[in-house]
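A.B. asks: got a sequence here, can you model it:
(4 chains)
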4 protein chains.
Amino acid sequence: MSQSLRITVWNEGVHESTKDPAGMAAYYPDGIHGAIAAGIGGQLPDATVRTALLSDPEHGLGEAVLAETDVLLWWGHKAHRQVDDDVVDRVQRHVLGGMGLLVLHSGHFSKIFTRLLGTTCSLSWRNAAEREVLWTVAPTHPIAEGVPNPLVIPEQETYGEFFDIPTPDELVFISSFTGGEVFRSGVTFHRGQGRIFYFSPGDERYPVYNQPEIHRILANGIRWAAQPDLPRAAPTVSNPPRNWFDPE
Amino acid sequence: MSQSLRITVWNEGVHESTKDPAGMAAYYPDGIHGAIAAGIGGQLPDATVRTALLSDPEHGLGEAVLAETDVLLWWGHKAHRQVDDDVVDRVQRHVLGGMGLLVLHSGHFSKIFTRLLGTTCSLSWRNAAEREVLWTVAPTHPIAEGVPNPLVIPEQETYGEFFDIPTPDELVFISSFTGGEVFRSGVTFHRGQGRIFYFSPGDERYPVYNQPEIHRILANGIRWAAQPDLPRAAPTVSNPPRNWFDPE
Amino acid sequence: MSQSLRITVWNEGVHESTKDPAGMAAYYPDGIHGAIAAGIGGQLPDATVRTALLSDPEHGLGEAVLAETDVLLWWGHKAHRQVDDDVVDRVQRHVLGGMGLLVLHSGHFSKIFTRLLGTTCSLSWRNAAEREVLWTVAPTHPIAEGVPNPLVIPEQETYGEFFDIPTPDELVFISSFTGGEVFRSGVTFHRGQGRIFYFSPGDERYPVYNQPEIHRILANGIRWAAQPDLPRAAPTVSNPPRNWFDPE
Amino acid sequence: MSQSLRITVWNEGVHESTKDPAGMAAYYPDGIHGAIAAGIGGQLPDATVRTALLSDPEHGLGEAVLAETDVLLWWGHKAHRQVDDDVVDRVQRHVLGGMGLLVLHSGHFSKIFTRLLGTTCSLSWRNAAEREVLWTVAPTHPIAEGVPNPLVIPEQETYGEFFDIPTPDELVFISSFTGGEVFRSGVTFHRGQGRIFYFSPGDERYPVYNQPEIHRILANGIRWAAQPDLPRAAPTVSNPPRNWFDPE
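C.D. replies: As a prediction, the model looks like this:
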């Protein structure tokens, strides 16, 4: 089934320009989007994976691209405000119409995520290269399939509660950090016809997106969120044609 | 506890101008907001109830009014698009900060409701003066306290599924209609620090808001949504001050 | 994937003995279990479908049978108390270990359903050959795939709220009846590693299990509940082997 | 409102007999039940708090006691199997009828908790005197009111996921431990008319029940679970008396 999946990896692509030879440029030579796309490609060999950037026309997310996207991945951090509201409207419409959406790490503050959830999506954080231990709390959820429990991420930005989101439809992962914080690090939401998976590990300062287990989780999330056979249509207002108890 | 509750009933106030002597003007001589305010006042004698209209400056929902409102009720139908986005921003901020919100009937399509839920909030409908039978599916929920089960509403606009909302935190009432439709007619959501209750019965063409049982449900919803002792503050982003396992 | 599914249809088989030529014997000549098995077989041609009866040794649900069952369907009504507690223990263990379970109609009062849910699972009912209209409230749920919305069942026993179950993990269908009742007629639960789908339409007095749309829903439920690749094991108590922050 | 609350603290009372002068006897001289009762009494001065033990006739939980109990607290560890099934039946009936239930720490394996939830309720554990940090993930939940966030428990038995429970109705607290484990340490469930709060901190080896913040959480849980004005009755099966659309 995964053969035909069409995936778009979106990245704001701002950190990439820093060219820090000891940092991001070293472990993400093709950018965060490049690392994610390569990791997904290894897990879903028959999928079509494209990337899109903030600097592309329409941020690379024109109507035609979204119409041909089964699942969109979103990574952003510093440039949330530069994302055009018309593009956000368009992405929201496609998600409500059935396109899957994976929101990654600092994407919690993106316009599209806060738009779909209605809350601030704020959280606590600290950047201290702490060890994150990610635990599965929904062992039979398809997103957890084949994922080590726990999964240890040697160094990562610390995210902590309170994470200001609506109660998730499903809580898949909870993480702890060296400092003692906990975080609902893998959560799902249904909005309209669309499925949304938020996954917090992954940052521009740590090579998390090079970890094979992370690729596995992203691929699982894509399979879970994809509905390739569903006609892409936002729920529409309809006037029921008849009274079900009237004589016909 | 209800003594100090401060309630604001908002109405777009457009249908009121039709002056149909056989219709709305007959059973809602003081407008929909007037009927609702009077009904609530009878149930919560010590509460302070004020009304606000679309035509008021800032739609009657300036910062000072919201800061002194424990629970806001919202009725709108024809003029959703005329509601100023800045006012919607302000109301959303107050809800996330802890103000209660009751969204009524055709308010399902209001900017504030769709903004807080992230979906289209569309539904099916038919205007045929059908009988609505409202059933309690959460018997010990405070909003259902003292409400007859079922509650019969002799004539009402028919609302039907699919109601495009996120899965509610609590499902309190389900209604059926003469025509056979069903509708999740009483649902709650938590967003940020705020509590939201959507309640579908009530229309400009039927005197539903004159029914004492409806007053009871609205008063129950207000009590449930009110958090008068909570400091009104939207969740903020904070940086945890210390590592909980470091020596102090 | 459905090729290898192994399905067991359990029926208490008591109504079958009445031999009412104008009733059940006419439309269910092979018993309720026979009608269900035939209907499922038509939808899942490569599945293996067997039946089991209360009167079989161990009610037809010995360890070997359950170990080779991906999904168990349960129909009972008059003889719940005759089901042996040891068999109930065994079925519960298999469900918690990952076997799917579909509980049908009056099976709401079965020992296995009340055991897994912890509540009385009581409801209101009336037998008046009323028309049931079943509405989908989770349009993209796999159990609703290909199901007409609404689905009309010409005659059926009336089930009404309050249905004393825990809040379902997912609410898929809500029904209304001629008399005005509503009922959460399709609900899912996760318990341990197992998935449970309760579906209320279907009775010994009405030929509901001969309706193709009902076969479709049962087949969808089976596909949703089946986890053929999951090792069948109840969650076990484990002592984590190491402190994740200790040096190894 | 708390004046009239009637609380029963149940303890199996087995560890108490060890008389370890350096351990439990030192910090719980009146037993675990004594410490809990005293702590609650300090928070709810007008409540009536009684204790009951496994060794009492009917384990101290006769019909009259339960009928006069608004909220029951349950602590057990080594003697779960010695609890009489008839008493478990009785307690379950009262919970479904509206009695509140707080299940504490190793009570996760009690007959009454597994009976009400339907799952194994197993978890991972390690006894290593680790520091537990308890975080609030539902800041406006009444059980979290006035509770420091985070709350640090200097030494406690480590509980870890996977905790084999149904998805809770509300997730209030998540804990981390020195070793990196996470645990859903404060969760609520509604079953029938009753409200259940499971709270994991508290063990026979650590003086957790002497911490004032723990007393606060227990008192909050009691207030939340108590429904003193609710007639104590399990949901009953009823036959609706009339067809709501028939002429009367």
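A.B. asks: what's the burial count for the residue nearest to residue A:181 when sequence neighbours are not counted?
C.D. replies: With sequence-adjacent residues excluded and distances taken as C-beta to C-beta, 6 or more residues apart in numbering or on different chains, residue A:181 is closest to residue A:160, at 3.5 Å. Where you see a C-beta, it was placed from the backbone N, CA and C, and this is true even at glycine. When neighbours are defined as other C-beta atoms under 10 Å in any protein chain shown, residue A:160 has 24 of them.
A.B. asks: likewise for residue A:107?
C.D. replies: Residue A:107: 26 neighbours (other C-beta under 10 Å).
A.B. asks: quick one, strands of chain A?
C.D. replies: With strands called from DSSP state E, chain A shows them at A:6-11, A:48-53, A:71-75, A:100-104, A:124-136, A:151-160, A:170-177, A:182-191, A:194-199.
A.B. asks: including mean pLDDT, could these go into JSON lines?
C.D. replies: Converted to JSON lines, the strands of chain A look like this (pLDDT from 0 to 100):
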{"stretch": "strand A:6-11", "mean pLDDT": "98"}
{"stretch": "strand A:48-53", "mean pLDDT": "98"}
{"stretch": "strand A:71-75", "mean pLDDT": "98"}
{"stretch": "strand A:100-104", "mean pLDDT": "98"}
{"stretch": "strand A:124-136", "mean pLDDT": "94"}
{"stretch": "strand A:151-160", "mean pLDDT": "96"}
{"stretch": "strand A:170-177", "mean pLDDT": "98"}
{"stretch": "strand A:182-191", "mean pLDDT": "98"}
{"stretch": "strand A:194-199", "mean pLDDT": "98"}
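A.B. asks: just to revisit the earlier point, I figured the residue nearest to residue A:181 hits residue A:130, correct?
C.D. replies: No. Contact criterion C-beta atoms under 8 Å: residue A:160 and residue A:130 do not qualify, at 10.6 Å.
A.B. asks: overlap in contacts, those two.
C.D. replies: Taking C-beta atoms under 8 Å, 6 or more residues apart in numbering or on different chains as the criterion, residue A:160 and residue A:130 both touch residue A:177.
A.B. asks: need the residues of chain A near chain D, please.
C.D. replies: Residues of chain A lying near chain D by C-beta under 8 Å from any C-beta of the partner chain: A:131, A:133, A:135-137, A:139, A:149-150, A:160-163, A:167, A:170-171, A:174-177, A:180-182, A:184.
A.B. asks: which ones are touching residue A:23?
C.D. replies: Contacts of residue A:23 by C-beta under 8 Å, 6+ apart are residue A:205.
A.B. asks: can you give me the pLDDT of it?
C.D. replies: You'll see residue A:23 listed with a pLDDT of 77.
A.B. asks: residue A:233 too?
C.D. replies: Confidence score, pLDDT, at residue A:233: 79.
A.B. asks: hmm, residue A:98 and it touching each other?
C.D. replies: Yes. The pair residue A:233 / residue A:98 is scored as a contact, 7.2 Å apart, by C-beta under 8 Å.
A.B. asks: and the two? Which one has more around it.
C.D. replies: More neighbours surround residue A:98 than the other of residue A:233 and residue A:98, with 24 against 12 (other C-beta under 10 Å).
A.B. asks: give me the neighbour count for the nearest residue to that one once chain neighbours are set aside.
C.D. replies: Nearest non-adjacent residue to residue A:98, counting by C-beta to C-beta, 6+ apart: residue A:193, 4.0 Å away. Number of residues near residue A:193 (other C-beta under 10 Å) recorded here: 22.
A.B. asks: ramachandran angles for residue A:193?
C.D. replies: phi -90, psi 0 (degrees, to the nearest 10).
A.B. asks: so who does it touch?
C.D. replies: A:96, A:97, A:98, A:227, A:230, A:233, A:234, A:235, C:139, C:140.
A.B. asks: hmm, the third one is touching residue A:230, no?
C.D. replies: Yes. Using C-beta under 8 Å, residue A:98 makes contact with residue A:230 at a distance of 4.5 Å.
A.B. asks: which neighbours do these two share?
C.D. replies: By the contact definition C-beta under 8 Å, 6+ apart, residue A:98 and residue A:230 are jointly contacted by A:193, C:140.
A.B. asks: all helices of chain A, in order?
C.D. replies: A:24-27, A:31-43, A:63-67, A:85-97, A:111-117, A:212-225 (DSSP state H).
A.B. asks: okay, those in a markdown table with distance to residue A:126 and mean neighbour count next?
C.D. replies: Formatted as a markdown table, these follow (distance: least, C-beta to C-beta, whole Å; neighbours: other C-beta atoms under 10 Å in any protein chain shown):
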| stretch | distance to residue A:126 | mean neighbour count |
| --- | --- | --- |
| helix A:24-27 | 19 | 16 |
| helix A:31-43 | 21 | 21 |
| helix A:63-67 | 35 | 15 |
| helix A:85-97 | 29 | 19 |
| helix A:111-117 | 21 | 22 |
| helix A:212-225 | 21 | 22 |
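A.B. asks: reformat those as TSV; add distance to residue D:79.
C.D. replies: TSV is the format used below for the helices of chain A (distance: least, C-beta to C-beta, whole Å):
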stretch	distance to residue D:79
helix A:24-27	55
helix A:31-43	49
helix A:63-67	61
helix A:85-97	53
helix A:111-117	46
helix A:212-225	42
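A.B. asks: and those helices as CSV, adding distance to chain B?
C.D. replies: Converted to CSV, the helices of chain A look like this (distance: least, C-beta to the nearest C-beta, whole Å):
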stretch, distance to chain B
helix A:24-27, 22
helix A:31-43, 22
helix A:63-67, 17
helix A:85-97, 6
helix A:111-117, 4
helix A:212-225, 16
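A.B. asks: worst average pLDDT in the ones you listed?
C.D. replies: helix A:24-27 (a mean of 87).
A.B. asks: what's next to that one, contact-wise?
C.D. replies: A:15, A:16, A:18, A:19, A:20, A:32, A:35, A:204, A:205, A:207, A:210.
A.B. asks: among these, who's most crowded?
C.D. replies: That'd be residue A:32 among the contacts of helix A:24-27, by other C-beta under 10 Å, with 27 neighbours.
A.B. asks: now do that residue against residue A:58, distance only.
C.D. replies: 20 Å (C-beta to C-beta, to the nearest Å).
A.B. asks: my guess is residue A:142 contacts residue A:225. True?
C.D. replies: No. Residue A:142 lies out of contact with residue A:225 (C-beta under 8 Å); the separation is 10.1 Å.
A.B. asks: stretch A:66-84: which residues count as buried?
C.D. replies: Residues of stretch A:66-84 classed as buried: A:66, A:69, A:70, A:71, A:72, A:73, A:74, A:75, A:76, A:77, A:80, A:83 (neighbour count, 16 or more other C-beta atoms under 10 Å in any protein chain shown).
A.B. asks: so what's residue A:159 closest to, chain neighbours aside?
C.D. replies: Distances taken as C-beta to C-beta, 6+ apart put residue A:183 closest to residue A:159, at 4.5 Å, once the chain neighbours are dropped.
A.B. asks: please apply the same query to residue A:188.
C.D. replies: Closest to residue A:188 by C-beta to C-beta, 6+ apart is residue A:170, at 4.4 Å.
A.B. asks: what's the answer for residue A:200, then?
C.D. replies: In space, residue A:200 is closest to residue A:185, 4.3 Å off (C-beta to C-beta, 6+ apart).
A.B. asks: ditto for residue A:54
C.D. replies: residue A:12 (4.5 Å).
A.B. asks: check residue A:206 too.
C.D. replies: residue A:155 (4.9 Å).
A.B. asks: count of neighbours near residue A:48?
C.D. replies: 15.
A.B. asks: OK, contacts around it?
C.D. replies: Neighbours of residue A:48 in contact, by C-beta under 8 Å, 6+ apart: A:5, A:6, A:7.
A.B. asks: as a markdown table, the contacts of helix A:24-27 with distance to residue D:125 would be great.
C.D. replies: Output for the contacts of helix A:24-27, formatted as a markdown table (distance: C-beta to C-beta, whole Å):
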| residue | distance to residue D:125 |
| --- | --- |
| A:15 | 41 |
| A:16 | 45 |
| A:18 | 45 |
| A:19 | 49 |
| A:20 | 44 |
| A:32 | 39 |
| A:35 | 38 |
| A:204 | 37 |
| A:205 | 35 |
| A:207 | 34 |
| A:210 | 34 |
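A.B. asks: right, I'll call it a day here.
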